[in-house]
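# predicted coordinates and the sequence they were generated for:
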Amino acid sequence: MSACSGSSELKGGPGSAGTGGTRAGGTGIGEPVGRCLGLDVGTRTIGVAVSDPLGLTAQPVEVIRYRSWQEAEERLEALVRRYGAERLVVGYPRRTDGTVGPEALWVRKKAARLQARLGLPCELWDERLTTAAAERALLEADVSRRRRRAVIDQTAAAIMLQSYLDARRRAPGPPAGEEGSEG
């Protein structure tokens, strides 16, 4: 039930839209994933985070502010080249009750477009509560309100990507809450 064609499929994490099974590129649970870009996609901004080359830790990179989706795709293409990313992990905004709303469907379409354009495996990953966690972390770090507004999306992308990386390292079996199929 992938929105994408080709050998790579949109996959998901806990509560996401994934179909489970073997990961594109042969990366099963517990196997290294390589360098990933984590994306917190919104209608005007995209928070971007990147993992280290071993896929162990996530760091915030930037917030892309865009007027057209093509503009966003071009910037993401440049970031993929700059960091040598091997995979995209896109935050999937399910509702707090786990249902899929119009925002999640919109993100799924954008993720499919990115996968087609960039030719990289793309996985949807549950991003529920990452913005709230990012806000708490920035408040605890005594970051000013103005600065928080500037970095909240990239911080949320880093929290979401770190969740993905941590789940990938767990073995044996799938991460807690990962779906094996729709339904």
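Now that the structure is in, tell me what you want to look at. Residues are numbered from 1 along each chain as shown.
# okay, now the unreliable bits of the protein?
Confidence mapping of the chain against pLDDT under 70 gives the ranges 1-32, 131, 135, 138-139, 143, 147-148, 150, 171-183.
# quick one, helices of it?
Secondary structure of the chain by DSSP state H: the helices cover 69-83, 102-118, 130-140, 145-169.
# so how far is the second one from its chain's centroid?
Counting by CA atoms, centre = their mean, to the nearest Å, helix 102-118 is centred 11 Å from the centre of its parent chain.
# and that helix, what's buried?
104, 107, 108, 110, 111, 112, 113, 114, 115, 118 (16 or more other CB atoms under 10 Å). No exception for glycine: its C-beta is placed from N, CA and C like everyone else's.
# for the first one, same thing?
In terms of neighbour count (16+ other CB under 10 Å), helix 69-83 has its buried residues at 72, 73, 75, 76, 79, 80, 83.
# what's it in contact with?
Residues outside helix 69-83 that contact it (CB atoms under 8 Å, 6 or more residues apart in numbering): 35, 37, 39, 46, 48, 50, 61-62, 64, 66, 85, 88, 110, 113-114, 117-118, 120.
# the same query, at a cut-off of 10 Å, please.
35-37, 39, 41, 43-46, 48, 50-51, 53, 61-62, 64-66, 68, 85-88, 109-110, 113-114, 117-120 (CB atoms under 10 Å, 6 or more residues apart in numbering).
# pull out the buried residues from the residues you listed.
35-37, 39, 41, 45-46, 48, 50-51, 61-62, 64, 66, 85-88, 110, 113-114, 118, 120.
# can you lay out the helices of the chain as a markdown table showing distance to residue 96?
Shown next, in a markdown table, are the helices of the chain (distance: least, CB to CB, whole Å):
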| stretch | distance to residue 96 |
| --- | --- |
| helix 69-83 | 26 |
| helix 102-118 | 12 |
| helix 130-140 | 10 |
| helix 145-169 | 15 |
